[in-house]
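Peer 1: Build me a structure from this.
(one chain, ligands or ions: 1)
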Amino acid sequence: RVGSMERKSSLHTPRKAHACLLLLIVFTCNACDGVVSRSLDPDPVAGDFAVELDATSFNSSLWAAPARFAIVEFYAHWCPACRNYKPQFERVAKLFNGPNAVHPGIVFMAKVDCALKSNTLLCDRFKISHYPTLLWGPPSSFTWVSGESTGWEAIENGRKAELLLQFINTRVGKSFTLDDASTYDAHLVTADGIDYGQVAISNFDIEEATAQAMENIISQKLLNKKTRSSFVQFLQLLVVHHPSRNCRKGTAGLLMNLEELWPSLSTQDIEEELSDDGVIQEPDLKAVENFPICGEHIPRGYWISCRGSRNETRGYSCGLWLLFHAISVRVEDRLSSAAFRTICSFVDNFFTCKECREHFLEFCSSAKMKVSSRRQLVLWLWNAHNEVNERVGKVEASLGTGDPKFVKELWPTQTLCKSCWNEGVERKADTAFQDLFSLSDVYKFLLKYYGHALSSLSKGLSKLPQGIQDSDGHLRTQESTTSSAVTVPIGAALAIAFASCGFGAVACFWRTRQKKKKYGGVYNKF
Ligand SMILES: Cc1cc2nc3c(=O)[nH]c(=O)nc-3n(C[C@H](O)[C@H](O)[C@H](O)COP(=O)(O)OP(=O)(O)OC[C@H]3O[C@@H](n4cnc5c(N)ncnc54)[C@H](O)[C@@H]3O)c2cc1C
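Peer 2: Got it, this is the predicted structure:
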């Protein structure tokens, strides 16, 4: 409990507030004592790092919050103790929020002004009785507010920045300090091995990369009748195998609406148009462009685990690799060949780094007939990525263009996975990766890293209380209008999911029946 000012629901007009304020100062001075200094902080933090939320943005912002935990400060703008507390809160928020955060992806720090009439209901739901009140919990725990305990807790002693950070440290098992400068944990590794929490954070970058891929595709005008099927196939891959529920849901919505947003033409129509003037007309893609494929708050405009130590390094291409790897470990054996072709076709049509594309397509051509199981897909992609690492690493070393904090090397490093490396093999120029690495251990590691570890974040989300999930497992907030992702009719989303035939015999039966409907079976046809 940080607060010193009692909250009265009637105190929402400034005049009443001032009158009561005097009384409150008189009667609640004990609470004020030693809690928050009335003098201005000698070293106030410039700018607001804590995100201001209101009743409209509350659920959706927390839902899409790029962090494992959240702190929400409930305050009142008229409350002097709150004003004095602000620099303390901001000092901590600066560490965790925004594009320049020193420790991104860990705590999302937000605040709500309970003195605004429009927020009264919201503050009442959290039973805020005094200002400021700080609540802590996973972001998702705040988005369901029925008055019952939902997994958040009050921070009893966070009245100074140091104390608040101390509280955070005990909850996340770290020893952050207010003076921390940027730290770069290149390989998401702790002394004991993989830091699963850190790996889970990669989910945010995978969401960001997915949204950015869409943005690039539209802004660079890469969508046309020729690339339409590649686009649809990619969406179908995402709808079932994307590690983020937000993106699966958003993609399902886009797929279901695509025919209306961008009507398809038959091959004959295209040929006729081609023979007229040789140019394929571009569709009007405004509606597709505005589709929130991973929810409304993505892209956020910054990277977390893919953040480079320089602005121009890492980011999108790192996120895209993570997306491909995360998909590869989720694909069933019989869809692996289709997934392989979809990834290759995506890079061919939509990844506009020319050198990258040409290089990557060489791997695609050489593996054309070889990928027929998940294991082969996962190891093929891992191998291709390592080949790229080696090649790019040499170029970056000679030109000094790489990110000094993220030097390219064969992955996983020995620190990340010792058993992945064959013992006693001395590397020569012609030593193949399969001699250097134990492929079965690498495969197990990749399943763990891109499967289990990445999912640990969404598993946390799936532990939401009853009522926040529909019977189809899709997440809903109570205020459905502010849900972070588009609403997809249950039957429609299932029909798309079934199209992948990835859910066993019943799904296959369904798929057969749905085949003639929109997009039914397309994923299986190419
Ligand atoms: C398809 C594709 C082809 C590319 N081709 C080129 C190219 O030809 N030339 C060029 O200059 N750049 C190329 N790039 C960009 C380049 O590979 C890097 O993405 C970029 O330099 C940023 O590097 P990074 O340090 O963020 O790590 P990235 O290589 O982007 O890797 C991101 C993360 O993936 C993990 N990782 C690393 N290696 C592996 C592996 N083998 N298997 C699984 N996970 C791994 C690590 O955690 C790493 O931090 C390509 C990118 C893509 C997506």
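
Peer 1: Point out the residues in the protein that sit beside the ligand.
Peer 2: 306, 314, 317-318, 320-322, 325, 347, 351, 355-356, 359-360, 382, 385-386, 388-389, 392, 403, 406, 411 (C-beta under 6 Å from any ligand atom). Bear in mind the C-beta positions are built from the backbone N, C-alpha and C, glycine included.

Peer 1: same question for stretch 400-419, mean pLDDT?
Peer 2: Averaged across stretch 400-419, pLDDT comes to 91.

Peer 1: Off-centre distance for it?
Peer 2: On the basis of C-alpha atoms, centre = their mean, to the nearest Å, stretch 400-419 sits 23 Å off its chain's mean C-alpha point.

Peer 1: Tell me which of the residues of the chain next to the ligand fall in helices.
Peer 2: With helices taken from DSSP state H, the overlap with the residues of the chain next to the ligand comprises 317-318, 320-322, 325, 347, 355-356, 359-360, 382, 385-386, 388-389, 392.

Peer 1: Give me the buried entries from these.
Peer 2: Buried subset of these (neighbour count, 16 or more other C-beta atoms under 10 Å): 317-318, 320-322, 325, 347, 359-360, 382, 385-386, 388-389, 392.

Peer 1: Of those, which pair is most distant in space?
Peer 2: Spatial extent of those (C-beta to C-beta) is set by the pair Leu322 and His359 at 18.7 Å.

Peer 1: what helix or strand does the residue minimising distance to the centre of the chain sit in?
Peer 2: Per C-alpha atoms, centre = their mean, the C-alpha nearest to the average position across the chain is that of Phe204, at 2.1 Å. Using DSSP states H and E, the element containing Phe204 is helix 196-219.

Peer 1: Which helix or strand lies directly C-terminal to that helix?
Peer 2: Past helix 196-219, the next helix or strand by DSSP H and E is helix 228-241.

Peer 1: quick one: the closest residue to Leu377 other than its chain neighbours from Ser202, how far?
Peer 2: With sequence-adjacent residues excluded and distances taken as C-beta to C-beta, 6 or more residues apart in numbering, Leu377 is closest to Ser336, at 4.2 Å. Ser336 is 22 Å from Ser202, where distance means C-beta to C-beta, to the nearest Å.

Peer 1: How about Ile293?
Peer 2: 18 Å.

Peer 1: what's the residue nearest to Leu377 sitting at in phi/psi?
Peer 2: The phi and psi values for Ser336, taken as degrees, to the nearest 10, are phi -70, psi -40.

Peer 1: count of neighbours near it?
Peer 2: Per other C-beta atoms under 10 Å, the neighbour tally for Ser336 reads 20.

Peer 1: ditto for Glu362
Peer 2: Neighbour count of Glu362, defined by other C-beta under 10 Å: 11.

Peer 1: any idea which helix or strand carries it?
Peer 2: According to DSSP H and E, Glu362 maps onto helix 354-367.

Peer 1: Are there helices or strands packed against that helix, and which ones?
Peer 2: Here helix 354-367 touches helix 333-350, helix 374-399, going by 3 or more C-beta pairs under 8 Å, 6 or more residues apart in numbering; DSSP states H and E.

Peer 1: ok so, going back, next one: the residue nearest to the centre of the chain, what pLDDT does it get?
Peer 2: 88.

Peer 1: what do you get for the one 3 residues further on?
Peer 2: According to the per-residue confidence, Glu207 scores 93 in pLDDT.

Peer 1: and the gap between it and Gly319?
Peer 2: According to C-beta to C-beta, Glu207 and Gly319 sit 9 Å apart.

Peer 1: cool, Lys225 as well?
Peer 2: The value you get for Lys225 to Gly319, if C-beta to C-beta is used, is 28 Å.

Peer 1: Going by how many neighbours each has, rank the two and give me the top one.
Peer 2: Looking at Lys225 and Gly319 with other C-beta under 10 Å, you find the greater number of neighbours at Gly319, namely 26 against 18.

Peer 1: ok, the closest residue to the more buried one other than its chain neighbours - how many residues close by?
Peer 2: Distance criterion C-beta to C-beta, 6+ apart; nearest residue to Gly319, sequence neighbours excluded, is Ala209 at 2.7 Å. The local packing of Ala209 (other C-beta under 10 Å) involves 27 other residues.

Peer 1: check contacts around Ala209.
Peer 2: By C-beta atoms under 8 Å, 6 or more residues apart in numbering, Ala209 lies in contact with 306, 316, 318-320, 322-323.

Peer 1: One more pass at 6 Å, please.
Peer 2: The contact partners of Ala209, taken as C-beta atoms under 6 Å, 6 or more residues apart in numbering, are 316, 319-320, 323.

Peer 1: quick check, nearest of those residues to the ligand?
Peer 2: Leu320 (4.2 Å; C-beta to the nearest ligand atom).

Peer 1: what's the closest non-adjacent residue to that closest one?
Peer 2: Spatial nearest neighbour of Leu320, chain neighbours left out: Ala209 (5.0 Å); criterion: C-beta to C-beta, 6+ apart.

Peer 1: where does Ala74 fall, phi/psi-wise?
Peer 2: Careful, residue 74 is Phe; it's not Ala. According to degrees, to the nearest 10, Phe74 has phi -100, psi 120.

Peer 1: Thanks again, I'm all set now.
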